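In: Build the 3D model from these lines:
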Amino acid sequence: MPQSRPAVSIRTLRLTGAAGAALMLAACQVGPDFHGPPAPSAAAGYAAGGTPTAIAPDQRLASGADVPARWWEAYGSPELNALMDQAIKASPDIESAEAALRSTNELYLAQHGALLPTVDAGYNFTRQKFSNEISPPQLNSTANPYSLHTLQVNVGYTPDVFGGLHRQAESALAQAEAQRYQAEAAYLTLTANVAAAAIQQASLIAQIKDAEALAASDRKTLETLRRSEQSGEVAAGDVAAQEVVVAQAEQALPPLRKQLAQQNDLIAFLIGRTPAEGGVPALDLDQLTLPAELPVSLPSDLVRHRPDLRAAEANLHAASADVGVAIAARLPSFPLTGNVGSQSAEFGNLFSSPNFFWTVTGAIAAPIYEGGQLKHKQKSAEALLDQAKAQYRGAALAAFQNVADSLQALQGDARSLDAATAVDQAAARSLATAKKQLDAGEASILPLLTAEQAQLQARAAVTQARAARLADSAALFQSLGGGWWNRTDFAEAEPVKGGPAAKPAAQR
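Out: Numbering: from 1, shown residues only. Take a look at the predicted model:
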């Protein structure tokens, strides 16, 4: 099966040569060194009493199994696969995430450039006449007016003695990494939404068929009762009661049809079309296979597989680096500047040795009094670091809750389907008995029609229960991270000292 277009096309950003050395050889980096936060304790699994190993006889859990990149293929539906490929290819959300990722990568590279010396060159030409009484020209030539040509190269460099610039580059790199995982989250959200929308569409189509069949059966019963009323076999009240039943059955159809129309509009949006363009395929619920085996990542792996958690960790890393930036801003800096050039009254003599000049300047600059601005900026950065820690912890707890909720939903869905199936089987037996009694002349047609209605109602409940199992299976794939790390475009670089492990970069 060919791979669909990924959410982001990622190349590995490796820092080599002078640029990499400049980032790794900071003399002293003030501020906290970042260490990834520990995962919440979940030794017993995701749910109280441990993670179950089986959902139902037709569906089991594989603890520790990996989530495939194209997890939706577990449903065995070529139509769903094609729908997913269209959505991934046309989604504006993914395009937006890719653009944001490219922007943050470029901002990181721009910030990294602050670690290196700056060099600029300039040429200046002046034609001037002085008053001989006030300011005669100070040139070897006594010409007045005179020309002056100046060509020079300026070099500036501020040694990062306390690591403030390195911390800024570290923060920018962490922000780029956070955006990379936000792009992965956009990809995961899109694929999960497409799967949920397609399953809901198939469920609504099946429910409408069941509701139409039920309404037709109710109308048939009403016609029979009306004939019986004319012959005096039933009372008028029975006919009126059945008229209510028919009206209720027909009343259920418009809301279902409205939901189906809106679901088709949603699918059109997800695959990059307007509702007026149409072309939305209709999936058959019977052609969607319930995944027989569902992977369940180990709790220790979940924190590495959830893109929202990876983004929260990268934001925490950026906040940690920003504390170092704020601390370094309160310490001395040692800017170095220099220039070399030539100056001459004639352009042709600019490169003559006597006309060359150069300057080297070193300085020390330290904040003495700034009204407490730098102190409070540092305290603000430290507070933001505490906020990022709490946000990461909240995201981690939410991730474990998502998985636990999905597992509970699957177990509840299986029980609901078992109960609905039992009712459907009982209704089928009742209908068979009513047919035999009618054939034997032991009963009228009314019990048969009533049994038919009961089975149609039971069949509708089975349809909804089946759709719920399919939808909650997709929700489990989503809660586990969706397998983005198994896509062929994904790559991680070797760790860079003082920076995160993954170095993202977007390349269309």
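
In: Name the next helix or strand downstream of the helix or strand of the chain with the lowest mean pLDDT, please.
Out: Ranking every helix and strand in the chain by mean pLDDT, DSSP states H and E puts helix 17-24 at the bottom, with a mean of 40. Going down the chain from helix 17-24, the next helix or strand is strand 54-56, by DSSP states H and E.

In: What mean pLDDT does that next one get?
Out: Mean pLDDT, computed over strand 54-56, is 80.

In: List the strands paired with the helix or strand just after it, with their directions.
Out: Moving toward the C-terminus from strand 54-56, the next helix or strand (DSSP H and E) is strand 59-63. Strand 59-63 has its sheet partners listed here by DSSP bridges as strand 54-56 (antiparallel), strand 293-296 (parallel).

In: what about dumping the CA coordinates of the very next helix or strand once past the last one to PDB?
Out: For strand 293-296, the following helix or strand on the C-terminal side (DSSP H and E) is helix 299-305. The C-alpha coordinates for helix 299-305 follow below in PDB (Å, rounded to 0.1, in the frame of the first residue of the first chain):
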ATOM      1  CA  PRO A 299       2.600   4.000  29.500                       C
ATOM      2  CA  SER A 300       6.300   4.700  29.300                       C
ATOM      3  CA  ASP A 301       5.900   5.000  25.500                       C
ATOM      4  CA  LEU A 302       2.700   7.100  25.500                       C
ATOM      5  CA  VAL A 303       4.500  10.200  26.500                       C
ATOM      6  CA  ARG A 304       6.800   9.900  23.500                       C
ATOM      7  CA  HIS A 305       4.000   9.000  21.100                       C
END
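
In: What helices and strands are in contact with the helix or strand harbouring residue 181?
Out: Residue 181 is part of helix 164-230, with elements assigned from DSSP H and E. If contacts are counted by 3 or more C-beta pairs under 8 Å, 6 or more residues apart in numbering; DSSP states H and E, helix 164-230 sits against helix 78-90, helix 92-112, helix 236-251, helix 253-270, helix 307-328, helix 445-479. All C-beta spots, glycine's among them, are computed from the backbone N, C-alpha and C.

In: and the angle for it with helix 78-90?
Out: For helix 164-230 against helix 78-90, the angle by axes from the mean of the first three to the mean of the last three C-alpha atoms, to 10 degrees is 140 degrees.

In: how far away is the residue lying closest to residue 212 once chain neighbours are set aside from residue 223?
Out: Nearest residue to residue 212 in three dimensions, chain neighbours excluded: residue 253, at 6.8 Å (C-beta to C-beta, 6 or more residues apart in numbering). Residue 253 sits 19 Å away from residue 223, taking C-beta to C-beta, to the nearest Å as the criterion.

In: next one: residue 353
Out: Taken as C-beta to C-beta, the span from residue 353 to residue 223 is 116 Å.

In: and what of residue 478?
Out: According to C-beta to C-beta, residue 478 and residue 223 sit 48 Å apart.

In: More neighbours: which of the two?
Out: More neighbours surround residue 478 than the other of residue 478 and residue 223, with 22 against 13 (other C-beta atoms under 10 Å).

In: quick one: contacts for that one?
Out: Shown in contact with residue 478 (C-beta atoms under 8 Å, 6 or more residues apart in numbering): 188-189, 191-192, 402.

In: related to what we said a few turns ago, possible to save the strands paired with strand 59-63 as CSV with distance to residue 412 and mean neighbour count?
Out: Converted to CSV, these look like this (distance: least, C-beta to C-beta, whole Å; neighbours: other C-beta atoms under 10 Å):
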stretch, distance to residue 412, mean neighbour count
strand 54-56, 10, 16
strand 293-296, 15, 19
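
In: Just tell me which of those strands ends up closest to residue 164.
Out: Closest to residue 164 of the strands paired with strand 59-63, according to C-beta to C-beta: strand 293-296, at 44.7 Å.
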